[in-house]
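Novice: Got a predicted structure plus its sequence, pasted below:
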There are 2 protein chains.
Amino acid sequence: MLDRVRIVLVNTTHPGNIGATARAMKNMGLSDLCLVEPKLFPHEEAQARASGADDILTTARVVGSIEEALADCQLVVGTSARERHIPWPLVNPRELGAISAQMLQSGAGAKGRVAVLFGREASGLTNEELHLCHKHVHIPTNPDFSSLNVAAAVQVISYEMRMALVEGQAAGAPQWGTQWDIELADNAELERMFEHLERTLIDIEFLDPDNPRQLMPRLRRLILRAVPDKVEVNVLRGILKKVGLYGKR
Amino acid sequence: MLDRVRIVLVNTTHPGNIGATARAMKNMGLSDLCLVEPKLFPHEEAQARASGADDILTTARVVGSIEEALADCQLVVGTSARERHIPWPLVNPRELGAISAQMLQSGAGAKGRVAVLFGREASGLTNEELHLCHKHVHIPTNPDFSSLNVAAAVQVISYEMRMALVEGQAAGAPQWGTQWDIELADNAELERMFEHLERTLIDIEFLDPDNPRQLMPRLRRLILRAVPDKVEVNVLRGILKKVGLYGKR
């Protein structure tokens, strides 16, 4: 679906930025680059900064007007650094990803294309250019240092496109990755391990059974927070067994 | 709160990437840059690519080891491009933002610091370096072109840190609660504890120093996943001390 997301660079001055844009796009799986009247292109500096994303540069389309770049697109979004005279529907990059996914996955947009416009290094997009857009996207930045490099802006937008269109909208932080290869321990195994731990702590005189205080709850909380797998529980029990033997040598 | 997020670049080869990193950080409001044995720094190419983020370069700390870079950090996350031999808790940049927000906004991390490690341009972080980390973060990329420029990776991570910490776009279930009353352990405390653990496991003959296999990485992974607080680390060290005495009775 990322092949239906177009990055449009308007009047880019430095060819190095075109190369870095191509690399950022390809890293995230985008491929459709359109250049509106670039100052210098093709150029060796673009090749160098593309670092292997030459195919994106080769297939990039160079056009003479923004209208030409956008003609076959259903959703057009312009990047905007500052607040505009006339407020426009303004989204952040994450919302742009969500909107794009809605559009491209809907019946209405089943053959559709999204275009994201990036302006000149020094001055961005003009008001007239921004008025061609359905929405504006603003990348949140430090108010005291807000001027993003154009390829860095493409990187952030492309990342959010990938997150929305390829990765799905994952929310929340999993504690293991999806690649985790071992089954998690069940409650019975955990409880046997905690009993073993408690006996051992009494044996080594760390835990006073007449005054246990909060020691076991603290250790339970620590270990349970990690939600151990079966191998980890076996390793812990192996250690406890060896501790027992250690005192009997 | 972004001033408590540290970007750590390990053995960076190209000074231009250090400059571009400084710019990406400042754009997103981050300021704490730490360089572990950079090949060339300071360097005019770093200045040039910083494009006005010179203050980040001026205040950047150059250190001789990763341990030095991490000593005062409570949550350490390493960037990882490929799947590892032992799976480690793996998050995406958005989840990293959420976890960082939870930590830095909780009682446990009220004075805490998050460090994000970025490896060498050609080869990333080593397994040993990744085993220093509580979690790993993977930036989703095109499988056919996955090698992100290091400053582009910093851009994405810094963007998500800003989204979570400034824009209030964090989500997910907290690992500690906001009510957590004890400060999290810092890296130096954790490493001392792991050294103590390793010595003890050798003493009790659970760990064979001539054939350590993956035992320490497995135990590191388990304990780091829980992100222990200072009291928990003290309890663990108290247990290890008692185990030592147990064998000498």
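Specialist: Nice, thanks for sending it over.

Novice: Can you check the pLDDT for A:Glu198?
Specialist: Here the pLDDT value assigned to A:Glu198 is 96.

Novice: Name the helix or strand for it, please.
Specialist: helix A:187-203 (DSSP states H and E).

Novice: do that helix and chain B meet?
Specialist: Yes. Helix A:187-203 reaches chain B (Cβ under 8 Å from any Cβ of the partner chain) through A:201, A:203. Using the backbone N, CA and C atoms, a C-beta is placed for each residue, glycine as well.

Novice: Quick one: list the elements packing against the next helix or strand after that helix.
Specialist: Proceeding N to C from helix A:187-203, the next assigned helix or strand is helix A:215-225, under DSSP H and E. Judged by 3 or more Cβ pairs under 8 Å, 6 or more residues apart in numbering or on different chains; DSSP states H and E, helix A:215-225 is in contact with helix A:187-203, helix B:215-225, helix B:230-246.

Novice: And for A:Phe145, the neighbour number?
Specialist: A:Phe145 is flanked by 18 other residues according to other Cβ atoms under 10 Å in any protein chain shown.

Novice: Please name the residues that touch it.
Specialist: The contact partners of A:Phe145, taken as Cβ atoms under 8 Å, 6 or more residues apart in numbering or on different chains, are B:26-27, B:29, B:52-53.

Novice: buried ones in the helix holding A:Glu198?
Specialist: For helix A:187-203, burial by neighbour count (16 or more other Cβ atoms under 10 Å in any protein chain shown) applies to A:190, A:193-194, A:196-198, A:200-201, A:203.

Novice: Packing partners of it?
Specialist: Using 3+ Cβ pairs under 8 Å, 6+ apart, helix A:187-203 is in contact with helix A:215-225, helix A:230-246, helix B:230-246.

Novice: between those helices, which one is nearest to B:Pro143?
Specialist: Nearest of the helices and strands packed on helix A:187-203 to B:Pro143, taken as Cβ to Cβ: helix A:230-246 at 28.7 Å.

Novice: does A:Ala53 really touch A:Ala22, like I thought?
Specialist: Yes. With contacts counted by Cβ atoms under 8 Å, A:Ala53 reaches A:Ala22, the gap being 4.2 Å.

Novice: Give me the common contacts of those two.
Specialist: Contacts common to A:Ala53 and A:Ala22, judged by Cβ under 8 Å, 6+ apart, are absent.

Novice: Specify the local secondary structure of A:Ile18.
Specialist: Assigned by DSSP: H, G, I helix; E, B strand; the rest coil, the conformation of A:Ile18 is helix.

Novice: On the pLDDT front, check the nearest residue to it once chain neighbours are set aside for me.
Specialist: Nearest residue to A:Ile18, sequence neighbours excluded (Cβ to Cβ, 6 or more residues apart in numbering or on different chains): A:Ala46, at 4.6 Å. For A:Ala46, the model assigns a pLDDT of 97.

Novice: how about the spatially closest residue to A:Val235 that is not a sequence neighbour, what does it touch?
Specialist: In space, and not counting its chain neighbours, A:Val235 is closest to B:Arg218: 6.0 Å by Cβ to Cβ, 6+ apart. Neighbouring residues of B:Arg218 by Cβ under 8 Å, 6+ apart: A:231-232, A:235, B:86.

Novice: Which of those residues sits closest to B:Leu40?
Specialist: Using Cβ to Cβ, the contacts of B:Arg218 come closest to B:Leu40 at B:Ile86, 33.9 Å.

Novice: Return the distance of that closest one relative to B:Arg213.
Specialist: 11 Å (Cβ to Cβ, to the nearest Å).

Novice: what's next to the helix holding A:Glu198, contact-wise?
Specialist: A:185, A:207-209, A:215-216, A:219-220, A:223-224, A:228, A:230, A:233, A:236-237, A:240, A:243-244, A:247, B:239, B:242, B:246.

Novice: for stretch A:56-72, same thing?
Specialist: In contact with stretch A:56-72 (Cβ under 8 Å, 6+ apart) are residues A:6, A:8, A:10, A:18-19, A:22-23, A:25-26, A:31, A:33-38, A:41-42, A:46-47, A:50, A:76, A:113, A:115, A:117, A:129, A:132.

Novice: B:Ala152 is in contact with A:Asn27, correct?
Specialist: Yes. Taking contacts as Cβ under 8 Å, A:Asn27 lies within contact range of B:Ala152: 7.1 Å.

Novice: list the residues that contact both of those two?
Specialist: In contact with both A:Asn27 and B:Ala152: A:Gln155, using Cβ under 8 Å, 6+ apart.

Novice: re the thing from before, higher neighbour count, A:Ala53 and A:Ala22?
Specialist: With neighbours defined as other Cβ under 10 Å, A:Ala53 and A:Ala22 compare such that A:Ala22 has more, 30 against 24.

Novice: returning to what we had before: quick one: residues contacting the residue nearest to A:Ile18.
Specialist: Contacts for A:Ala46 (Cβ under 8 Å, 6+ apart) come out as A:15-16, A:18-19, A:22, A:57.

Novice: Tell me the buried residues in stretch A:222-235?
Specialist: A:222-223, A:225-229, A:232-233, A:235.

Novice: now do stretch A:199-216
Specialist: A:200-201, A:203-204, A:206-207, A:215.

Novice: From one end of that stretch to the other, what's the distance?
Specialist: 11 Å (Cα to Cα, to the nearest Å).
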